[in-house]
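[1] Please find the sequence and the predicted model below.
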Amino acid sequence: MKFTLATWNINSVRIRLQHIKRFVGKYRPDILCLQEIKCANESFPIEYFRALGFSHIELNGQAAYHGVATLSRLPMTRVAARDFNGSGHARHLAVRLGAPDSQSVVLHNFYVPAGGDVPDVKANPKFAQKLAYLQAMERWCKKQTNKQNIRAILVGDLNIAPLESDVWSHKQLLRVVSHTPVEVAHLDAVRQAHDWVDVMRQHIPPEEKLFTWWSYRARDFRKSNRGRRLDHVWVTPALRNAAVSLRVADEVRGWKRPSDHAPVVTNFDLKRS
DNA sequence: ATGGCTTACAAAGTAAGA
């Protein structure tokens, strides 16, 4: 099975419909994982996506904040929508691609908490909640059995830029939430707990700068280029060779009134795994 | 630039993003 998968923190799905149409027209993704849809399930523009060809739609939304959606041209079934840290936030959705046999793949769509401003669990409850969320993800990963045979893809806005080359200035961001050593250690623990493979860094060397998010506050995001790699594509070892190509669609960040995140587009060929 | 912007919301200023 071959398919194109895109993950994109859309920062309000309802205000970004024209961008979605333009992006889908250009990249023809078979599966689209959105984060920060910022609407309840009943407010999600389902018909708009059906008209774009996404006949399979699974939602985990809430009013105003957070929320994730997975849209597909290919058959899929809902597996779970977990609340990893008991916050009541809509931040996760899992679907199964294909019939539930040994060749099917589970796709996880995540929106990890941003964590607020101050990287101190005592002074900032949001930072504590972010670390708790990552610990719950790690526990869940550890609990899985027969991990070498699990066929799974994990994508989304993980809100952490782990490598020095994942931020515009390692030194200046060491005490900025998203790149602090404690967050990076927590994310590494999640990854190692399931031997997840960092697909973006399989395709783009770790020495090379790679960003998926640029602040709205820069006058010219390309000129200042103070970006971070907050969005990720991971696969289990069984799918280690399944991603044939990948790119960050950073031109989308330059469209008028964009999301502050760019989509990440991956082409999969499951025969290669 | 220690935030210059953007979004949602029983709509004017809050809260949140990161």
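    Received, thanks.

[2] Just list the residues touching A:Trp168, thanks.
    Residues near A:Trp168 by Cβ atoms under 8 Å, 6 or more residues apart in numbering: A:Lys209, A:Phe211, A:Asn225, A:Arg226, A:Gly227, A:Arg228. Bear in mind the C-beta positions are built from the backbone N, C-alpha and C, glycine included.

[3] Nearest the geometric middle of chain A, what residue?
    By Cα atoms, centre = their mean, chain A has its centre lying nearest to A:Gly156, at 0.8 Å.

[4] Not counting residues beside it along the chain, what's closest to it?
    Distances taken as Cβ to Cβ, 6 or more residues apart in numbering place A:Phe110 nearest to A:Gly156, at 3.5 Å, with adjacent residues excluded.

[5] Any figure for the gap between the nearest residue to A:Asp188 once chain neighbours are set aside and A:Arg201?
    Excluding the flanking residues, the one nearest A:Asp188 by Cβ to Cβ, 6+ apart is A:Pro162, at 6.8 Å. Distance, A:Pro162 to A:Arg201, by Cβ to Cβ, to the nearest Å: 9 Å.

[6] ok, those two, which is more surrounded?
    Taking other Cβ atoms under 10 Å, A:Pro162 and A:Arg201 do not tie; A:Pro162 has more neighbours (22 against 19).

[7] For DNA strand B, see how far away the more buried one is.
    12 Å (Cβ to the nearest atom of the strand, to the nearest Å).

[8] Low-confidence ranges, chain A, go.
    For chain A, the stretches flagged by pLDDT under 70 are A:272-273.

[9] Please enumerate the strands of it.
    Using DSSP state E, the strands found in chain A span residues A:2-9, A:31-35, A:56-60, A:68-72, A:76-80, A:92-97, A:105-111, A:152-157, A:197-198, A:213-214, A:227-228, A:231-235, A:243-248, A:264-269.

[10] Dump the last one to CSV, keeping only the CA atoms.
    Provided in CSV are the C-alpha atoms of strand A:264-269 (Å, rounded to 0.1, in the frame of the first residue of the first chain):
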residue,chain,number,x,y,z
VAL,A,264,4.9,17.9,7.0
VAL,A,265,4.2,15.6,4.0
THR,A,266,5.4,12.0,4.0
ASN,A,267,5.1,9.5,1.2
PHE,A,268,4.8,5.9,2.5
ASP,A,269,5.2,2.6,0.7
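
[11] could you say what helices and strands it packs with?
    strand A:2-9, strand A:231-235, strand A:243-248 (3 or more Cβ pairs under 8 Å, 6 or more residues apart in numbering; DSSP states H and E).

[12] For the last one, give me every contacting residue.
    By that I understand strand A:243-248. Against strand A:243-248 from outside (Cβ under 8 Å, 6+ apart): A:199-200, A:202-204, A:210-212, A:233, A:235, A:262-269, A:272.
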